[in-house]
Every structure is written in structure tokens, then in C-alpha cells.
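Visitor: got a structure for you, letters missing:
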């Protein structure tokens, strides 16, 4: 089965700073989705990357898929307290015939005002 | 704005009680899902439904049942609550075909404690 490893596992940044989260796959990546979850709340879909080199943005969050490296990076520019939460990546192959989402272990982000 | 609502944010029930968790979506989505989320175990699919009155088991259906009598409502039932069902329960919906349902809309979650 495909395994996803996210790094770092946790991150604390000062408000206004840029940051990058990586998601690395054990197998070829045919696509990847990113979600965010605030503590104690539901998940929020951020974006889906479907081909190598694809880059998408959602507000100040940009994600890119590097098929050759089997990796996706998520970059936040000028972080704000509203960016705090856990970021989760997952492969679309997990949807299969049940629609279930599967994720890496997540990266928890704290943004200090 | 897309909206998925769940009947309770916090719930405390006793062992052996029958528990109903309700989920309503206002997006006319075909698919609805029930997950539970536990520290260290991540998100696990309990049941899903791709149409009214249709339901399919996910990875951990034991001890649970579901009902989907109307398109907008998907109910999760704990027949006889046990302490190992203490968890965060998340409902989601999507409108893509099941095999490409990676864009799901989630409710705020119900934190259930069974004592």
C-alpha cells in the first residue's frame, strides 16, 4: 500500500513568516490532495493536484506536485494565526470504490502572533 | 456556501445506550460518509452511502448501523454504545463519483464520550 510521510511533524512559526510542509510518497504519485483541520473541528479540502509539475493556490497557500521526487510541497506565504492547524496530505488512490480518504500522519502548525 | 451540519458537538452517553448521530448537508450531494477519528489511528471510514437508502460498509462497521431515508440526511446509529466507541465522529459529503470523491465537505464533528 502507498505510504505518505509528512515533514516536519510539527512547526511553530512567527506570524508573517513563510513556511513549507512536505509530503513524500513511498510509491509513484499520480496525484495528491491536501486538507486542513483545526483542532476539534472537521476537515477542510484545500486542493487536489493531479499531474506532475502542477501548482495550485488557495488564498496564501500554494501546493506543488513533483512526480519525479514522489513529493508534494505546501507553502504558506506570510503566515497568519488563521493558518494554524493540522495539514494532511493523501493520495487519490485511497478513494477507490469506497470514497474513503487516507492521509499521512499530518503536520501540526502553530503560528505565534 | 456549502454546509454540513451535525446534530451535536459534544455528547456523553452511558454504556449500553442506543446513540443517534445525525448529519445533514444542504448541497444536494449524492455521497455521504461517516468517519471516526482517534489519536494515532487517524481517520477511519465506518459507513458510506452513494444514494438514498443505499449504504455500504467501510473499514470498521462493527457496532454501528446507518440510515439514509432522505438525500440530505445520513444518520449513524450506535446500537449499544461501548467505551471503545468514545471518539470524534465526522460526517462528510461529496458529489463526485465514489471512486474520485477526494473533495469531501466535512461537518464540525461530534465528540462522543461513552462512560
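Guide: Arrived safely. These figures come from a predicted structure and were not determined experimentally.
Visitor: So out of everything in chain B, what residue is nearest chain A?
Guide: Relative to chain A, the nearest point of chain B is residue B:106 (3.3 Å; C-beta to the nearest C-beta). For glycine as for every other residue, the C-beta is placed from the backbone atoms N, C-alpha and C.
Visitor: Show me what from chain B comes close to chain A.
Guide: Residues of chain B lying near chain A by C-beta under 8 Å from any C-beta of the partner chain: B:4, B:31, B:33, B:35, B:42-43, B:45, B:48, B:50, B:56, B:58-59, B:88, B:90, B:92, B:94, B:98-109, B:111.
Visitor: same thing but at 7 Å, please
Guide: Proximity of chain B to chain A, by C-beta under 7 Å from any C-beta of the partner chain, involves residues B:31, B:33, B:42-43, B:45, B:48, B:56, B:58, B:90, B:94, B:98-104, B:106-109.
Visitor: residue ranges for the strands of chain A, please.
Guide: Here chain A has its strands, by DSSP state E, at A:4-7, A:10-14, A:19-25, A:32-37, A:43-49, A:55-58, A:61-66, A:71-76, A:85-90, A:107-112.
Visitor: Pull out the buried positions in the longest strand along chain B.
Guide: When chain B is parsed with DSSP E, its longest strand is strand B:42-51. Residues B:42, B:43, B:44, B:45, B:46, B:47, B:48, B:49, B:50 are the ones in strand B:42-51 that count as buried (16 or more other C-beta atoms under 10 Å in any protein chain shown).
Visitor: re the thing from before, now tabulate the strands of chain A in CSV and tack on mean neighbour count, distance to chain B and mean pLDDT.
Guide: Putting the strands of chain A into CSV (neighbours: other C-beta atoms under 10 Å in any protein chain shown; distance: least, C-beta to the nearest C-beta, whole Å; pLDDT from 0 to 100) gives the following:
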stretch, mean neighbour count, distance to chain B, mean pLDDT
strand A:4-7, 18, 11, 93
strand A:10-14, 13, 14, 97
strand A:19-25, 20, 14, 95
strand A:32-37, 23, 5, 95
strand A:43-49, 20, 5, 94
strand A:55-58, 14, 12, 92
strand A:61-66, 19, 14, 95
strand A:71-76, 21, 13, 96
strand A:85-90, 24, 7, 96
strand A:107-112, 17, 12, 97
